[in-house]
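Student: sequence and predicted structure, then a few things I'm wondering about:
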Amino acid sequence: MERLLRGERGISVLIIAGEAALADKLSQPLYRRDKLHVEVATNTEHALAELSRRQWDVVLWHCTGEALPGAAGLREIRVHQPQAAIIAVAEPDHVAAAARALQAGATSYLILGQHTDS
């Protein structure tokens, strides 16, 4: 990702989160970064429209949310975005769902609320 940040076009990030509060939590830090194009989809219909509209570099996907949930949701994202890095996002009590998403083809996962300062 560091290589892309140095490039001219920047990085496109689609956030798929069924809850507006979670979408805001994930998107706000990204909006403040240069060279990031961020869009948010909070329901399945909007997510599918965004997935079809353009090629995304990164998809932050709430794997236990209401928009494109579970393995079927991951498959749908992969169909539309075969080259994108898909980051499964889950709450601390849904770590197993994030691990299953990783096994099913997600690029990585992020557990909400787990943050350490470097």
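Tutor: Thanks, I have the structure now.
Student: hey, let's count contacts and neighbours off CA atoms from now on
Tutor: Fine.
Student: mind showing which ranges of this protein have poor pLDDT?
Tutor: 1-9, 114-118 (pLDDT under 70).
Student: show me where it has helices.
Tutor: 2-6, 20-31, 44-53, 70-80, 95-103 (DSSP state H).
Student: TSV please, covering these and showing mean neighbour count and distance to residue 38.
Tutor: Shown next, in TSV, are those (neighbours: other C-alpha atoms under 10 Å; distance: least, C-alpha to C-alpha, whole Å):
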stretch	mean neighbour count	distance to residue 38
helix 2-6	11	14
helix 20-31	14	7
helix 44-53	16	11
helix 70-80	17	17
helix 95-103	17	22
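Student: which one of those lies nearest to residue 87?
Tutor: Shortest distance between residue 87 and the helices of the chain, using C-alpha to C-alpha, is found for helix 95-103: 8.5 Å.
Student: which residues touch the residue lying closest to residue 47 once chain neighbours are set aside?
Tutor: Using C-alpha to C-alpha, 6 or more residues apart in numbering and skipping the chain neighbours, the partner closest in space to residue 47 is residue 41 (5.0 Å). Contacts for residue 41 (C-alpha atoms under 8 Å, 6 or more residues apart in numbering) come out as 14, 15, 16, 17, 18, 23, 47, 50.
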